[in-house]
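Enquirer: Quick check, what structure comes out for this input:
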Amino acid sequence: MNRGAILWRVASFAVAAGFIGLWQLIANLKLVSPVFLPGPDRAWASLVRGFSSGDLWSKLAGTLEHMAYGWLLASIAGIAIGAIIGSSRTMRTYVAPSLEFLRPLPVSAIIPVAIAMLGLTQAMALFVISFGAIWPIMLATIHGFAAVEPRLYEVARSLQMSRLAVILKIALPSASPDILAGMRLSLTVALILSVVCEILAGLDGLGHWVLLSARAFRSADLFAGVILLGVTGYVTSVAMSLAEHKLLAWQAAQH
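Expert: Okay, the predicted model is just below:
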């Protein structure tokens with residue numbers, strides 16, 4: 001690790017420590033009522049108590065399950081659809097208008113439709129999470145496939161490779177940086193939508209924990225849930241970045 005990276009990490013931790021210190025100072029001076037703003041010490045105590053009793057473990061597992069299933073479904077569908085559209089100029093021409101209509105559509109507008117069709121169920125949550133998380137992956141896949149060097153397609157035609165072979169052996173490896181970047185972005189979207197669905201549908205997870213804590217004015221539990229969601233998002237993003245670096249090591253070796 002070079003000196004610049006070390007300084008960047010130290011500065012990041014310093015900013016975080018300063019923020020926590022300021023938060024504790026405001027809580028100690030009671031500039032905001034303790035009913036609404038507990039100190040980080042109380043939030044930490046609530047985290048420890050929740051994990052000790054096992055309540056937070058089950059809530060965390062529920063949120064991770066919703067996020068993982070929705071993200072995996074979005075990844076499979078997004079890569080498959082994106083590969084079909086991105087590898088065909090004709091498909092891009094005819095399907096692009098429909099994509100431009102659906103892409104800006106807020107997921108919040110889809111939630112009432114999903115509830116009307118599927119009810120307040122796990123299936124509704126899976127549909128909403130997948131719908132929201134599919135766009136970064138699909139658009140990244142389309143862009144990655146469309147950006148493949150035309151000469152590679154010419155070589156494939158001269159070798160009389162099938163379309164499936166061209167996609168798997170030429171286009172997919174070439175588009176993998178875009179696809180992995182889209183998957184990392186969609187993972188964050190999946191976490192956000194998991195919490196939204198848990199709040200709306202009362203599904204077991206951190207979103208439901210935060211909602212109940214807010215209604216009962218358990219501010220320490222509320223902040224503990226929010227902190228845990230932030231840590232979850234950070235850890236999953238770092239894990240995805242490490243996986244991306246590992247999977248793309250062959251490209252670095254070529255350069």
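
Enquirer: how is this structure carved up into domains?
Expert: Per the record, the chain has its domains at 1-31, 38-252, by automatic domain parsing.

Enquirer: How much space separates the residue nearest to T63 when sequence neighbours are not counted from A165?
Expert: Nearest residue to T63, sequence neighbours excluded (Cβ to Cβ, 6 or more residues apart in numbering): G205, at 4.0 Å. C-beta coordinates here come from the backbone N, C-alpha and C atoms, glycine included. Distance, G205 to A165, by Cβ to Cβ, to the nearest Å: 42 Å.

Enquirer: Q122: neighbouring residues, count only.
Expert: When neighbours are counted by other Cβ atoms under 10 Å, Q122 registers 16.

Enquirer: Wait, it touches L203, no?
Expert: Yes - between Q122 and L203 there is a contact under Cβ atoms under 8 Å: 6.8 Å.

Enquirer: so what sits against both of those two?
Expert: Common neighbours of Q122 and L203 (criterion: Cβ atoms under 8 Å, 6 or more residues apart in numbering): H66.

Enquirer: related to what we said a few turns ago, weakest of the domains of the chain by average pLDDT?
Expert: Ranked by mean pLDDT, the domains of the chain bottom out at domain 1-31, with a mean of 83.

Enquirer: tell me which residues of that one are tucked away?
Expert: For domain 1-31, the neighbour count (16 or more other Cβ atoms under 10 Å) marks W23, A27 as buried.

Enquirer: Over to stretch 219-230?
Expert: For stretch 219-230, the neighbour count (16+ other Cβ under 10 Å) marks S219, A220, D221, L222, F223, A224, G225, V226, L228, L229 as buried.

Enquirer: Distance from that stretch to the middle of the chain?
Expert: Distance of stretch 219-230 from its chain centroid, counting by Cα atoms, centre = their mean, to the nearest Å, is 19 Å.

Enquirer: what do you get for stretch 187-200?
Expert: Centroid separation between stretch 187-200 and its chain, computed with Cα atoms, centre = their mean, is 9 Å.

Enquirer: on that earlier part again, find the one among the domains of the chain with the highest mean neighbour count.
Expert: Most buried of these by mean neighbour count (mean count of other Cβ atoms under 10 Å) is domain 38-252; its value is a mean of 17.

Enquirer: gap between the host helix or strand of G4 and the chain center?
Expert: For G4, the element it lies in under DSSP states H and E is helix 3-29. Mean C-alpha position of helix 3-29 versus that of the full chain (Cα atoms, centre = their mean) differs by 25 Å.

Enquirer: hmm, what's the outermost residue in the protein?
Expert: Within the chain, the residue lying farthest from the chain centre (Cα atoms, centre = their mean) is S158, at 40.4 Å.

Enquirer: where's that residue relative to R151, distance?
Expert: 10 Å.

Enquirer: Check A190 too.
Expert: Between A190 and R151 the distance is 37 Å, computed by Cβ to Cβ.

Enquirer: give me the element L200 is part of.
Expert: Here L200 is assigned to helix 172-201, by DSSP H and E.

Enquirer: Mind giving me the packing neighbours of that helix?
Expert: Helix 172-201 sits against helix 55-86, helix 107-118, helix 122-146, helix 206-215, helix 219-247, with contacts defined as 3 or more Cβ pairs under 8 Å, 6 or more residues apart in numbering; DSSP states H and E.

Enquirer: relative to helix 107-118, how tilted is that helix?
Expert: Interaxial angle, helix 172-201 versus helix 107-118 (axes from the mean of the first three to the mean of the last three Cα atoms, to 10 degrees): 70 degrees.

Enquirer: gap between helix 172-201 and the chain center?
Expert: 4 Å.

Enquirer: One more: stretch 118-132?
Expert: The chain centre lies 16 Å from the centre of stretch 118-132; the measure is Cα atoms, centre = their mean.

Enquirer: Could you do stretch 87-97 as well?
Expert: Mean-position distance between stretch 87-97 and its chain equals 27 Å (Cα atoms, centre = their mean).

Enquirer: Kindly report the same for stretch 109-125.
Expert: Remark: stretch 109-125 is offset 20 Å from the chain centroid, using Cα atoms, centre = their mean.
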